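Engineer: compute the structure for the input listed below.
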Amino acid sequence: MRKLTLIIALGLLSMSKSFAINDPSLVDEISSKVTLDLSMVELDQYTPDYVVVRFKIVDGEIKIKEIESSKFELKKLVIAKLLQMQIESDYNPEEIYAYKFTFEKI
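Structural biologist: Numbers count the residues shown, from 1 in each chain. Just a heads-up that it's a prediction; the model follows:
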């Protein structure tokens, strides 16, 4: 159990956003709500893995328009987390936002 906790903690510490949204409050909200259990994902030792998501926010829910990932497992984890997330602030439902998660093996 301690090893699993360490893996989750290292994964969270290594997760960062490379580019994101023009709205810092949305960046903060997504960053604070997305925590992933990376214990089942083998991250690349030499190159950061990534997930790039383009989405709309409609009635507080994220509607994914496009997603790219370096690993299928990361893609599944991010999709699951984003689809269950509830966004607190109001955003233009016509605007498409982009967010990139990067994951590095520590």
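Engineer: do I have it right that Leu36 meets Ala80?
Structural biologist: No: using CB atoms under 8 Å, Leu36 and Ala80 do not qualify as a contacting pair, with a distance of 9.1 Å. Any C-beta I mention is one placed from the backbone N, CA and C, and that applies to glycine too.
Engineer: more crowded one of those two?
Structural biologist: Leu36 (18 against 11; other CB atoms under 10 Å).
Engineer: could you measure from the more buried one over to Phe101?
Structural biologist: Counting by CB to CB, to the nearest Å, the gap from Leu36 to Phe101 is 8 Å.
Engineer: OK, contacts around Lys65?
Structural biologist: Shown in contact with Lys65 (CB atoms under 8 Å, 6 or more residues apart in numbering): Arg54, Phe55, Lys56, Ile96.
Engineer: in JSON lines: these, plus neighbour count.
Structural biologist: As requested, these are exported to JSON lines (neighbours: other CB atoms under 10 Å):
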{"residue": "Arg54", "neighbour count": "13"}
{"residue": "Phe55", "neighbour count": "21"}
{"residue": "Lys56", "neighbour count": "16"}
{"residue": "Ile96", "neighbour count": "12"}
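Engineer: please flag which of the residues you listed sit within strands.
Structural biologist: If you go by DSSP state E, these have Arg54, Phe55, Lys56 in strands.
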